[in-house]
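J.: Need coordinates for the below:
(2 chains)
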Amino acid sequence: MTSTTLTTGKQEILPPPTERYTVLGWIRKNLFGSWFDGILTIVGLAFIIYAGVGSLRWAFTSARWSVITDNFALFMKGQYPLEQVWRLWVGLYLLAFVVGLLWGVFVRQRSFTAWVLLGAPVLFALIVLIIGGSGGWLSLLLVDVLAVAGWALARWQPQRTRRAAITLLILYFPLLILIIRGFGAEGFLSLVPTNLWGGLLLSLLIAVVGIVFSFPFGVLLALGRQSQLRAVKTLCVIYIEFIRGVPLITLLFMGQVMLPFFLPSNVVIDRVIRAMVAVILFAAAYLAENVRGGLQAIPKGQYEAADAIGLNGFQKMTYIILPQALRAVIPVLVGQFIGLFKDTSLVALVGLLDLLGIARGVLANPNYIGRQIEVYVFVALVYWVFSYSMSYGSRRLEVALGVGER
Amino acid sequence: MSRKLLVLLAVVVLGVLIVAACTSAPTAAPPAETAGAAPATGAEPQEAAAKSTLDVVKERGKLICGVNNALPGFGFIQPDGSFAGFDIDFCRALSAAIFGDPDKVEYRPLTAKERFTALSAGEIDVLIRNTTWTLTRDTELAGNFVATTFYDGQGIQVPVDSGIETLQDLEGASICVQTGTTTELNLADQMAAAGVNYTPIVFETADDTTNAYLSGRCDAWTTDKSGLVSRQSIFDDPSAHKILDVTLSKEPLGPMVRHGDDQWFDIVQWVVFATFTGEEMGVTSQNVDDVKATTQDPNVKKLLGLEGEMGQKLGLSDDWAYNIIKYVGNYEEIYNRHLGPDTVFNLPRGLNKSWVDGGLLYAPPIR
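T.: Okay, here's the model as predicted:
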């Protein structure tokens, strides 16, 4: 082989031959390679068909989905007043526009994913329409239109919109809270107290607040743990190890049940805030350890190079070390955020009416007694959609940043 | 060198955090505002003397009621987001008595574990959450039970065709029970007292327990009688099961208030008594206006605020009981609305009948 290549000289070096099979050939090789594989395939297939047919039959014949359709608004927004729901939609419109802008500014290639992501709301609109949401689909359509508008604007004027997009992104979160909560007793944007926040709205808010605030806190803790200042380091280690040593439900119970005893009696901290703080404290400790892993993966040469070109410690961290360290731990961080989103369901156990809390309340309604399976399947589906979206988004981000390639 | 810079970095990030905390001030504001609008959400030990719970509630403009949000028949959430249930109606009755409006209530869903601390920490004004009245809870928990609104008791359910009639018939039987509950302990105590040998089969949730019973893994299963009935109503063939006459434990459920405010205790207690009295005198939400216009009975007149100024003695307006019956109803109406024959539970009144009909509901006279 090599000798022929050498002697002919001009002949190109061929890539190794790709395997080619017919469909039957592929099945034979992969599914029935040996008698053991064959048995495994048949048993597996039988199980999948049995379980699949059973589930589908249940879903389409015996399941009574009216418990979901009747309570759909309740599942989504809890007890948030119906006449104020437009504020949630405004929040979504803003989000769609900002995401559209960012997409147009930062994602250069016109990928298939863009169309999928931008088209997703249309799909949701159809789903809502099918299961009988009233008028919701028009609002969802508007979400989509705004996202495309933002994207188009950014493509048309990338330079000018860049700064605007980033400013909007930073301002978005405080603005969203302001819109949802409102102020003043009466009139435009009147106050909606947090005890009325519920359903998916509350789950998402707790998760987002947890992610947004635990991130800087966690990075700080990770840096503190690497600090050469003995006191700072000890404090960080104690904090991290203490929080990691207790379950989240314990922290939530401490916040909801014990905290009132430690505070002066005329100080009443909102229960939702207490839950959010517990989630932030908890997530930060885990995040700190993940970030520390990233920091330790950076070769010493990077630190030394940064010192050599005269960067001070702050510049060294923000320009050299952290960008590399954080990039390296994206999959871990996203995994943690997904876990955090699902952990928010624990607040149902301390009496907050998040998606799961509302589900329990709905199940106690005598009209829907015995519909546990329908309700829990629906709740699981909602959690899956959001968790999978986060997972998918992180994989796209990894590709965009070239994690794992360089 | 790098040490200094790390400190600098820490300071900068802390600054950013503080700024972030400030920009999201709206999130932080509710507590301040709640505290401002209602300076004493709880009756603070030192302020309690100066400011009664009633004044606090009136000033706040609403009652904060600790409830269960997930107990069929007693507390649940309706599709429009409002709470409903047997316990919820007593919160509404209290609100009607104070404000003349049954809907000035903020419901605070509580779990079994946090309910007493929420009460003693002053986060709620009254706890109406299917709570069993026991000596320990009445004394050690810094709260007082005011009355019993529902007499429950632990029972045993068996298939009709098993022929089991008494505890003694359960000799050698296996009994399904939910783990970690007082139910499990009560069963053990009662069976030991009766000298009956049995095999407990424990399960984590109520659903598992009933499923095991229905699939024939146990000869009987046990929980509170109201629970037995509500579960039975959703069995495929409810008539194939029956509840034994024996009661394993007493479970009187009722509202609880904080220690230290006798006026508030009286108000909650008499609100409950007013619903009993309404049934006793035959005054319902339907006929209350007619009765008020035509009655000559001095007792009814006192109940409805036509004479005697009974409400003022409680610190309320004289039409307090009229408002309760008008907007929420008497005990019978409340019971039937959530647990009675027209509901899936179809729970017999049993002990929860008025004393006139041979039950335990007996209110002292309003005079």
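J.: quick one, phi/psi of residue B:202?
T.: The phi and psi values for residue B:202, taken as degrees, to the nearest 10, are phi -100, psi 150.
J.: Quick check: the residue of the stretch 201-350 of chain A nearest chain B.
T.: Among all residues of the stretch 201-350 of chain A, residue A:313 sits closest to chain B, at 1.9 Å; criterion: Cβ to the nearest Cβ. The way it works is simple: take the backbone N, C-alpha and C, and place the C-beta from them, glycine included.
J.: That residue and residue A:307: what is the separation?
T.: According to Cβ to Cβ, to the nearest Å, residue A:313 stands 9 Å off from residue A:307.
J.: Looking at the two now, which is surrounded by more residues?
T.: Under the criterion of other Cβ atoms under 10 Å in any protein chain shown, the comparison of residue A:313 against residue A:307 puts residue A:313 first, with 20 against 15.
J.: Can you report how many residues lie near residue A:387?
T.: 15.
J.: do the same with residue A:51
T.: Residue A:51: 10 surrounding residues under other Cβ under 10 Å.
J.: quick check, it in a helix?
T.: Yes. Under the criterion used here (DSSP: H, G, I helix; E, B strand; the rest coil), residue A:51 sits inside a helix.
J.: for the stretch 101-250 of chain A, which spans come out with low pLDDT?
T.: Within the stretch 101-250 of chain A, the stretches with pLDDT under 70 are A:107-137.
J.: do chain B as well
T.: B:1-50, B:180-181.
J.: Show me the domain layout of it.
T.: Listed by automatic domain parsing, the domain ranges of chain B are B:45-149+B:254-357, B:153-250.
J.: okay, those domains, which one's buried deepest?
T.: With neighbours taken as mean count of other Cβ atoms under 10 Å in any protein chain shown, the domains of chain B reach their highest mean count in domain B:45-149+B:254-357, at a mean of 20.
J.: so how far is that one from its chain's centroid?
T.: How far domain B:45-149+B:254-357 lies from its chain's middle: 9 Å, per Cα atoms, centre = their mean, to the nearest Å.
J.: tell me the SS of the most centrally placed residue in chain B?
T.: Centroid-nearest residue in chain B: residue B:129, 2.8 Å away (criterion: Cα atoms, centre = their mean). Classification of residue B:129 using three-state DSSP returns coil.
J.: If we ignore the residues flanking it in sequence, what's nearest residue A:206?
T.: In space, and not counting its chain neighbours, residue A:206 is closest to residue A:344: 4.5 Å by Cβ to Cβ, 6 or more residues apart in numbering or on different chains.
J.: got it, and residue A:91?
T.: Once flanking residues are discounted, residue A:91 sits nearest to residue A:176: 4.9 Å by Cβ to Cβ, 6+ apart.
J.: Just to check, that neighbour is in contact with residue A:92?
T.: No. With contact defined as Cβ atoms under 8 Å, residue A:176 does not count as touching residue A:92 (9.5 Å).
J.: Between those two, point out the one with more neighbours.
T.: Counting neighbours by other Cβ under 10 Å for residue A:176 and for residue A:92 shows that residue A:176 has the greater number, 21 against 17.
J.: Go over the secondary structure and confirm that one is in a strand.
T.: No. Residue A:176: not assigned to a strand; according to three-state DSSP it is helix.
J.: List the residues that contact it.
T.: Residues in contact with residue A:176 (Cβ atoms under 8 Å, 6 or more residues apart in numbering or on different chains) are A:91, A:94, A:95.
J.: What is the nearest of those residues to chain B?
T.: residue A:91 (13.0 Å).
J.: Please tell me how far the residue in the stretch 201-350 of chain B that chain A sits nearest to sits from residue A:211.
T.: Closest contact between the stretch 201-350 of chain B and chain A, by Cβ to the nearest Cβ, is at residue B:234 (4.5 Å). For residue B:234, the distance to residue A:211 equals 40 Å [Cβ to Cβ].
J.: Ok, residue A:378 next?
T.: 24 Å.
J.: and what of residue B:306?
T.: Residue B:306 is 62 Å from residue A:211, by Cβ to Cβ.
J.: Then residue A:346?
T.: Plainly put, residue A:346 is 16 Å away from residue A:211 if you go by Cβ to Cβ.
J.: What of residue A:187?
T.: Separation of residue A:187 from residue A:211 (Cβ to Cβ) stands at 33 Å.
J.: can you list the residues of the stretch 51-200 of chain A near chain B?
T.: With Cβ under 8 Å from any Cβ of the partner chain as the criterion, the stretch 51-200 of chain A comes near chain B at residues A:70-71, A:73-74, A:78-80, A:82, A:173-174, A:177-178, A:181, A:183, A:191, A:193-196, A:198.
J.: Take those and keep only those in helices.
T.: A:70, A:73, A:74, A:173, A:174, A:177, A:178, A:181 (DSSP state H).
J.: For the residues you listed, which two are the farthest from each other?
T.: Within these, A:70 and A:174 form the most distant pair, 35.1 Å apart (Cβ to Cβ).
J.: Next, the contact list for the residue nearest to the centre of chain B, please.
T.: Taking Cβ under 8 Å, 6+ apart as the test, what residue B:129 contacts is B:66, B:67, B:68, B:75, B:87, B:110, B:115.
J.: Which of the three states applies to residue B:345?
T.: At residue B:345 the chain is in coil, as set by three-state DSSP.
J.: got a list of what it touches?
T.: Applying Cβ under 8 Å, 6+ apart, we find residue B:345 in contact with A:366, B:72, B:73, B:226, B:229, B:230, B:233, B:338, B:339.
J.: Assumed residue B:201 was part of a strand.
T.: Yes. Residue B:201: assigned to a strand according to three-state DSSP.
J.: element containing the residue lying closest to residue B:92 once chain neighbours are set aside, please.
T.: Leaving aside its chain neighbours, residue B:92 sits nearest to residue B:102 (3.9 Å; criterion: Cβ to Cβ, 6+ apart). For residue B:102, there is no helix or strand it lies in under DSSP states H and E.
J.: Residue B:102: what's it in contact with?
T.: Contact partners of residue B:102, counting by Cβ under 8 Å, 6+ apart, are B:92, B:93, B:95, B:96, B:323, B:327, B:328.
J.: Let's see that with 10 Å instead.
T.: B:89, B:91, B:92, B:93, B:94, B:95, B:96, B:323, B:324, B:326, B:327, B:328 (Cβ atoms under 10 Å, 6 or more residues apart in numbering or on different chains).
J.: so which pair among these is furthest apart in space?
T.: The most widely separated members of the contacts of residue B:102, counting by Cβ to Cβ, are B:91 and B:326 (16.3 Å).
J.: Next one: residue B:305 from residue B:315, what distance?
T.: Taking Cβ to Cβ, one finds residue B:305 at 14 Å from residue B:315.
J.: circling back to that earlier point, save the domains of chain B as JSON lines, and put in distance to residue A:153 too.
T.: Shown next, in JSON lines, are the domains of chain B (distance: least, Cβ to Cβ, whole Å):
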{"stretch": "domain B:45-149+B:254-357", "distance to residue A:153": "38"}
{"stretch": "domain B:153-250", "distance to residue A:153": "53"}
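J.: what packs against the top helix by length along chain A?
T.: Counting by DSSP H, the longest helix found in chain A is helix A:372-401. With contacts defined as 3 or more Cβ pairs under 10 Å, 6 or more residues apart in numbering or on different chains; DSSP states H and E, the packing partners of helix A:372-401 are helix A:66-70, helix A:72-77, helix A:112-130, helix A:199-225, helix A:322-328, helix A:330-343, helix A:355-363.
J.: residues in contact with the residue of the stretch 1-150 of chain A found nearest chain B?
T.: Distance from chain B to each residue of the stretch 1-150 of chain A (Cβ to the nearest Cβ) is smallest for residue A:79, at 3.9 Å. Contact analysis of residue A:79 by Cβ under 10 Å, 6+ apart lists A:192-193, A:195-199, A:202, A:353, A:358, A:361, B:77, B:80-83, B:107.
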